Structures are given as C-alpha cells and as structure tokens.
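> Requesting a structural model of the entry that follows:
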Amino acid sequence: MRRFAALFAELDGTRSTERKVQAVEAYLRAAPPADAAWGLFLLAGRRLQRLVTARALAGWALHVTGAPAWQLEASALATGDLAEAIALLVDAARPAPPPEAEGASLAAWAERLQGLAPLADEARRDAVADWWRELREDELLVFVKLLTGELRVGVSRGLVERAVARLTGLDQVTVTRRLAGPWEPTPDLLERLAAPADVHDPARPLPFMLACPLEGPADALGPAGDWLVEWKWDGVRAQLVRRAGRAWLWSRGDELLTERFPEVRAAAAALPDGCVLDGELVVVRGDRPLPFALLQRRLGRRRPGGALLAEAPAAFVAFDLLEEGGAPLGDAPLEARRARLEALLTALPAEARARLWPSPLVAASSWAEAARARDEARARGVEGLVLKRRAGPWQPGRRRGEWWKWKVDPYAFDAVLVAAEPGAGRRASLHSALTFAVWDAAPDDDPPGELVTVARAYSGLADDELRRLDRWVRRHTTEQFGPVRVVAPALVFELRCEGVARSGRHRSGLAVRFPRIARWRDDKRPEDADTLARLEALVPPEPPPPRPEDVVGGQLTLF
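Numbering: from 1, shown residues only. Prediction:
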C-alpha cells in the first residue's frame, strides 16, 4: 500500500503528462506482480465493490475519533474532499503514528476490503477502525477512497496504456485492445498483457473509436464527398459482441448491459458467430427515437419488467462492423466496413431486423446540404451529425481528423443566481457550485413573479471570474444553510444546455440537461431573465402511448 500511496501523491502533485507516464511505468515495473495488477486495475478506472456510503464512513470516523460533526464538516469544506477530511481527522486523533515498517501490500488490502462484504455494519466499522491504526496519513487517504469506491487518480486511461506499452514493449493500440472489456487483477496480469499472442476472452469487446467535436466550419474538412454523414444519436454508445454461440452487449465504460436489454439480446442470437457491431443503444417507438430520460430508466433496471419494455422498447442502431467471421476488419476502409454491415443486417430475419438496424446515412453532397440536415436534427430527436472519413480505418481512441461530431447549437437562456456553495478539489475555497432560477410568470408581467430554481451549474467561468463571484457571494448572502449560501437575486448569467425535460423531482417541474455557464450578463438586470414558460416551450412533445405494434418495432427511418 505504501508504494501505491506514494504513486498517488506523485500523480496528484504534477500536471506533466510525461512525468505521470514515467511514474506509472516505474510503479508497475517495481511493484510485486499482485500489487502491480491491482495498481493497474485502479489506475485504469476500475472500481472495487462499494462497501460503505460516504455518509456512513463519516459517521464511523466521528465514532472512532470522538470528534464533533462540525469539525469534519469544516475540514471537508476546506479541503473539498470528504475522504481527505476523514484521513486528516483520523490521523490527528491517533495516540501515536503507525510504525515505519512496510505494512500490508496493496493486494492484501484489496483482499481485506473484499472480505468486508458479508459482515454486518457494526463489524465492518470495527474492522475498519482497527485497520486505520495501521496506516500512515498518505495511506489513509487512499484507503478511505478505496472504501467508498471513489478513487480518482488523476490519470487518463490513455496515459496508463502508454505506460503499459512502454513497460511491455507493445504498441499502444495492442495494449488498448487487451485492456478492453472484463479482466481480473490476477498476479499474472502484466505477463498476460505482454504475451506475444493474446489469450482472447470471447466476451471481450474492442476499444471504442471516438469522435472529436467540430468547432470550425465543416468546409475546412475538404470535399464533402470524402465523408460519410450520419445522425448523432441521443443514446448510449455500445458494442454488440457475438462469439462462441453467445451475445454480449457492452457500454463504452465496459459495463455489461445484456440483461437490461433482453430484446436486443434476443435479436443478436440471429447474428452469425464471430462478429462485433459498433453502434448506439436507443429507445424508440415506431420510427421515432424517444427521450433520453426513458433510456435512463432502462439503464436503471437490471431486469426490466414487461410494462417498461412496452413503454420504452430498445433497439441497437449499428454504424460499424469491427469483426466478421472471427476476422478483424479494422484495417479496411470505413466505406467497405459499412457495406458489409448493411449486407449482414439485411440478411437477418424480420424479428431480428426489428431490433438491429443500420444507422441511416444522411444524403449530403455538399456541406450546405449537411448543414441543413443538422438544423433539422433536434426535430428528429437526434443531437446533430457525425462526420466520418470514408477511407479511414478503425482506430481506438479519439483520433483527430477521422471522426467529427457536429452537434446542434445548445439551448441558451438567462437565469438569476440564487444560491452558491463551495466546489471541490482546487475550487474548494470558492463558491463555484451555483444554483440558478427563472421567473414563474408571463414575459410581460410586472412585477415578474416568483423565481423558481431550474439548474445547478459548475463550469463555464474563468478563475478570475470565480474569484470575483466568490467575493460577491460572501458580501450578499441573505441566508445560510450549512455550506449553502442563499444570495440576493441580483446577478444574471447566460446558461446553455442540451435539452429540457419535464421532471416531478424539481419544484419548477423541469430538468435541464448538462447546464453550464456561457457568460456573466453584467448588461442585464434580474427582471430581464427568462421565464419558466420559455423553458417549457423547449420541452419536446410527449411521445404517443405505446401500441402493440410498437413493441415489435420496425426499421428506423427518422421520417
């Protein structure tokens, strides 16, 4: 554990990508095989089972140390990290520092943590309290984060793969493929990764190829004829793997979704063995995509019931074929892979074609035609366009210049700041978690009515603007509830979001998707902010009720 805690501190203390790569490689090279495997597991973003909630862990810390709750709350506000606050509190309350001798290894600690699962809450608390006495302060921090399953190390997956590539002598693409999908942190992990031939798990997906946001004009990409134009779906990116007589459905986060989408699993049984399809999971009714909120409901049910299956029937919209007959196709041009995909899906029985569709191509012989299609995207229930180079191979990761996502412009509205609380991490000392409201009144009402909250936003302001806003918040607080400061309704900000939906969980009756701050509107007064009625006008119409034929589904045409 001591070696991994030192690595954690080193990674947290530098912004240099090269130094981080060197540190990860040095750890993997020097650590015992079992510790190296667990270290790679955690560095790659995998998580241990969450054994205790943050609230319960805070209660354990207060029980063990005898400290008052306000002390932990104040420390958490100051550090912006509850795990760090708990580690500091426990370390300060110990009668003597732990011994300098090397303690248990990272692998041993992982085994101990997994052994907590069958214990009752009180037994877990007592075991954790005993273990806290064995750990130094830097180890305590890592241990607390492991307990909650929230260990964020500050390195990207690509950075870790670079370090493994250097260590093993393999190219990074090979490492990316071998680390995709499910794998366990066994002591022979690095040996297996470095083997000349990959020991292939039939369930394993391939790493995903990702699109970069298109921020400039599309005509800068060259002739429009060099690109395939597709709709950008408002769904969940996924791979459908059909090997060894079985089918697996994987999300981009390596989460297995097969049981949550039984209609897609059933359709996949008609695919020939040895194929991998790349695409998007969507919920549809007839030939129309349904709102993302319904897809979220499907994702939240491990085994959905018949009522939900009828209300939100799912389909897999495929846009690439990565394997066929067990042979990889990634080196073939996209246009050729696309033709083979369409031939494969067209040959399926009608029942399977109802749930496995090729993503419709957008006919655009010029960038002007593509722009007109993009302008229609929101009305069609999609997020915009994806532009893919016709001659391009499949390459894992975000390869600039190969795939571009050309999304519709976000919605924008003006809202009043009504509350603020401290952020996390380096913004823990600044009030950067902001709550905004609009007027519940008609546009011509005077006075404008009542402010109702509609969004919380955390990003969009520069550091100097945040410092200026923090000073203003402290001077204009009207009420305070713990860390939350209610402020005088005087400042207006332009917010942007990807969508607005109805929600019974908020007083306004609306939920705003991915809100962020676009600019501080010094030129506007609070009464100039937008109304709830304007946001309600942005809510897409409710889908029609399900019909028996919609449960079976059909080819997606997007009218």
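
> okay, now the domains of this protein?
2-148, 209-407, 411-536 (automatic domain parsing).

> how about JSON lines for those domains, with mean pLDDT and distance to residue 191 added?
For glycine as for every other residue, the C-beta is placed from the backbone atoms N, C-alpha and C. Below are those laid out as JSON lines (pLDDT from 0 to 100; distance: least, Cβ to Cβ, whole Å):
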{"stretch": "domain 2-148", "mean pLDDT": "86", "distance to residue 191": "8"}
{"stretch": "domain 209-407", "mean pLDDT": "92", "distance to residue 191": "22"}
{"stretch": "domain 411-536", "mean pLDDT": "89", "distance to residue 191": "36"}
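
> I'd like the ones you listed laid out as a markdown table, including mean neighbour count and distance to residue 168.
Listed next are the domains of the chain as a markdown table, based on neighbours: other Cβ atoms under 10 Å; distance: least, Cβ to Cβ, whole Å:
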| stretch | mean neighbour count | distance to residue 168 |
| --- | --- | --- |
| domain 2-148 | 17 | 9 |
| domain 209-407 | 18 | 17 |
| domain 411-536 | 17 | 33 |
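
> got the contact list for residue 308?
297, 298, 301 (Cβ atoms under 8 Å, 6 or more residues apart in numbering).

> er, residue 385 I mean
229, 230, 231, 232, 362, 370, 373, 374, 377, 405, 406, 407 are the contacts of residue 385 under Cβ under 8 Å, 6+ apart.

> What of residue 22?
residue 163.

> Same check on residue 301?
Counted by Cβ under 8 Å, 6+ apart, residue 301 has contacts 260, 308.

> Hmm, residue 194 is touching residue 166, no?
No: using Cβ atoms under 8 Å, residue 194 makes no contact with residue 166, being 11.5 Å away.

> okay, and the common contacts of the two?
Between them, residue 194 and residue 166 share no contacting residue, judged by Cβ under 8 Å, 6+ apart.

> Tell me the one among the contacts of residue 308 nearest to residue 217.
residue 298 (37.4 Å; Cβ to Cβ).

> what's the spacing between the closest one and residue 305?
To residue 305, residue 298 is 11 Å away according to Cβ to Cβ, to the nearest Å.

> With residue 328 instead?
38 Å.

> And stretch 161-181, end to end?
The first residue of stretch 161-181 is 14 Å away from its last residue (Cα to Cα, to the nearest Å).

> Quick check: buried residues in that stretch?
161-168, 170, 172, 174-181 (16 or more other Cβ atoms under 10 Å).

> Mind listing residues that contact it?
So stretch 161-181 is in contact with 21-22, 24-25, 28-29, 40, 44, 157-158, 190, 192-194, 198, 201, 203-207, 250, 254, 395-397, going by Cβ under 8 Å, 6+ apart.

> how does it look with 6 Å?
Residues outside stretch 161-181 that contact it (Cβ atoms under 6 Å, 6 or more residues apart in numbering) are 21, 24-25, 28-29, 193-194, 198, 204-207, 396.

> do the same with stretch 242-255
Under Cβ under 6 Å, 6+ apart, the answer for stretch 242-255 is 202-203, 205, 208, 236-241, 257-258, 261, 265, 268, 271, 274-275.

> Could you tell me the end-to-end distance of that stretch?
First residue to last in stretch 242-255 (Cα to Cα) measures 16 Å.

> do stretch 360-373 as well
End to end - Cα to Cα - stretch 360-373 spans 13 Å.

> ok, residue 83 to residue 62 distance?
On the measure of Cβ to Cβ, residue 83 and residue 62 end up 15 Å apart.

> So what does residue 6 look like in phi/psi?
phi -70, psi -40 (degrees, to the nearest 10).
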